[in-house]
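> Fold the following and give me the result.
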Amino acid sequence: MSIWDKLTGRKSSSSSSSSTQTPANTPADTFQPTPFDPQEAQDVSSFLTGQTFADPSQLHPLAGLNQQTLDYLSLEDSALSDLPGSQSALPSRGWSDDLCYGTGVTYLTALTVGGAWGLQEGLRRSAAQPPKLRLNSVLNAVTRRGPFLGNSAGVIAMVYNGFNSFIGHMRGKHDSANSIAAGALSGMIFKSTRGVRPMMISGGIVATVAGAWAVTRKALF
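Numbers count the residues shown, from 1 in each chain. Below is the predicted model:
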C-alpha cells in the first residue's frame, strides 16, 4: 500500500479480493422438506382418539373437579319460611313466593270469573240477534269484563301480599289478623281516589275476602 493510499484511505486490491472470497466458505442449506402424503393425514376423530387424548372428556374446563366440594353450587332452594302460620297450599320461601303465587292465582281466578260474567252478559244482550252479531257481542263482553276484573284483582293482590308480608315480618307470625288488616288497607288504597265512602266499601269487601281465605287456609292446611 502506497503513501497516497494511506492518506486517501483507499484499500488495496488484495484486501478487497480476500473479502470477496470469504462468502464462498459459508455452508449451503441442505434442508429438504418431507413431501405431504394425503393418505397419512389424520382427521379430528382419529386425533382425539389417539394416545395423546386417551379420554376426550378431559378437555372440558370442569373435568376432574369434585362437584361435592363446590359449595357455591349448592343453592338454598329448599329453605322454607320459618314464621308461624306462613305455610299454605304451596310451599313458601318468603314474601317473594307469596307475591308470585298469590298474585298469579288471584289474577287468573278473576280473569276466569270476569270472562264468565262477560259471556253471560253477551248472551243475554244478544238473544234476538243473528249468529254473527251475537258472537261479536259475546266476544266484546268477554274481553271487556275479563281483563277489567283480572287486572283489578291482580293489583289488589299485589298490594295485599306486600302489606301481609310486612305485617307478618313486624309481628313475627302470620295469622288471620294480618290477612284482614292487609285486605282492608289494600281495598282502601285501591279506591282511594273515589272518596271516603268507596274506600270504606272496598276495604270492607277485600278484608272479608281475605278473612275468609285465612280461615279456610287455617282449616285445610
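
> in stretch 153-170, what's buried?
Using 16 or more other C-beta atoms under 10 Å as the test for burial, stretch 153-170 gives 153-165, 167-168. (Each C-beta comes from the backbone N, C-alpha and C, glycine too.)

> Check what contacts it and list those residues.
With C-beta atoms under 8 Å, 6 or more residues apart in numbering as the test, stretch 153-170 has contacts from 83, 85-86, 94-95, 98-99, 102-103, 106-107, 109-110, 174, 178-179, 181-183, 185-187, 189-190, 206, 210.

> Neighbour count says what about these? Which are buried?
83, 85-86, 95, 98-99, 102-103, 106-107, 110, 174, 178-179, 181-183, 185-187, 189-190, 206, 210.

> Give me the subset of those residues that lies in helices.
Of the positions in the buried ones among the contacts of stretch 153-170, 95, 98-99, 102-103, 106-107, 110, 178-179, 181-183, 185-187, 189-190, 206, 210 sit in helices, assigned by DSSP state H.

> Name all residues that make contact with Phe190.
152, 155-156, 159, 202, 206.

> Out of those, which is nearest to Pro33?
Closest approach between these and Pro33, by C-beta to C-beta: Val155, at 78.7 Å.

> helix or strand for that closest one, which one?
helix 131-171 (DSSP states H and E).

> can you tell me the average pLDDT over that helix?
Mean pLDDT, helix 131-171: 89.

> So that it lines up with my notes, have the first residue be 6 from now on.
New numbering, starting at 6: the last item is helix 136-176.

> shaky segments in this structure?
Along the chain, segments meeting pLDDT under 70 span 6-34, 36, 41-100, 226.

> go with 90
Counting by pLDDT under 90, the ranges of the chain that qualify are 6-111, 130-138, 166-184, 198-200, 215-226.

> circling back to that earlier point, closest one to Arg222 out of the buried residues of stretch 158-175, please.
Asn169 (11.9 Å).

> That closest one and Ser101: what is the separation?
13 Å (C-beta to C-beta, to the nearest Å).
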